[in-house]
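Asks: what would the 3D arrangement of this be:
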Amino acid sequence: MRPHQKLEAWSKAVDLVIDLYKATEPFPREEKFGLTSQIRRAAVSVPSNIAEGAARRSSKEFGHFISNAQGSASELKTELIIAHRLGYLSEAAFAELFSKLERIGRLMTGLSRRVRTTSA
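Replies: Numbering: from 1, shown residues only. This is a model prediction of the structure:
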């Protein structure tokens with residue numbers, strides 16, 4: 001079992017979840033069960049999958065969960081673009097959140113490479 005709390009990708013992803021909860025708070029009320037919920041669920045899925053994978057016994061399983069986290073991050077990018085285009089996120093907020101998500105993506109790519117190297 002790997003300590004997921006020591007992984008920078010996990011830590012940055014948790015920070016992003018907090019940022020996104022705050023950013024989606026002023027979204028229109030009618031989006032509560034729509035885009036707001038989708039953004040929050042995808043965001044929470046990223047660190048959750050990293051943590052679950054870190055708890056697995058094999059590197060192959062860990063890699064699978066990192067892949068799931070990367071998929072959730074990709075979904076989240078799409079949802080942020082939609083929120084921005086609908087005018088729910090300002091240009092500055094969108095740019096900051098998107099930049100943080102890109103950084104997390106790079107961290108996950110590095111983590112994935114490291115896990116694959118370990119299991120090879």
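Asks: which residues in this protein form helices?
Replies: Along the chain, counting by DSSP state H, helices occupy 8-24, 35-54, 59-85, 91-119.
Asks: could you look over those helices and pick the most buried one?
Replies: Mean neighbour count (mean count of other Cβ atoms under 10 Å) peaks for helix 35-54 among the helices of the chain, with a mean of 21. Backbone N, C-alpha and C define where each C-beta goes, glycine included.
Asks: packing partners of it?
Replies: In terms of contacts (3 or more Cβ pairs under 8 Å, 6 or more residues apart in numbering; DSSP states H and E), helix 35-54 is packed against helix 8-24, helix 59-85, helix 91-119.
Asks: dump that helix to PDB, keeping only the CA atoms.
Replies: Taking C-alpha atoms only, helix 35-54 is exported to PDB below (Å, rounded to 0.1, in the frame of the first residue of the first chain):
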ATOM      1  CA  LEU A  35     -23.300  21.000 -14.800                       C
ATOM      2  CA  THR A  36     -22.500  21.900 -11.200                       C
ATOM      3  CA  SER A  37     -22.900  18.300 -10.200                       C
ATOM      4  CA  GLN A  38     -21.000  17.000 -13.100                       C
ATOM      5  CA  ILE A  39     -18.000  19.300 -12.500                       C
ATOM      6  CA  ARG A  40     -17.900  18.400  -8.800                       C
ATOM      7  CA  ARG A  41     -18.200  14.600  -9.400                       C
ATOM      8  CA  ALA A  42     -15.500  14.600 -12.100                       C
ATOM      9  CA  ALA A  43     -13.200  16.700  -9.900                       C
ATOM     10  CA  VAL A  44     -13.700  14.400  -6.800                       C
ATOM     11  CA  SER A  45     -13.100  11.400  -9.000                       C
ATOM     12  CA  VAL A  46      -9.500  12.500  -9.800                       C
ATOM     13  CA  PRO A  47      -8.000  12.300  -6.300                       C
ATOM     14  CA  SER A  48     -10.300   9.500  -5.400                       C
ATOM     15  CA  ASN A  49      -9.000   7.300  -8.200                       C
ATOM     16  CA  ILE A  50      -5.400   8.100  -7.300                       C
ATOM     17  CA  ALA A  51      -6.000   7.200  -3.700                       C
ATOM     18  CA  GLU A  52      -7.800   4.000  -4.600                       C
ATOM     19  CA  GLY A  53      -5.000   3.000  -7.000                       C
ATOM     20  CA  ALA A  54      -2.300   3.700  -4.500                       C
END
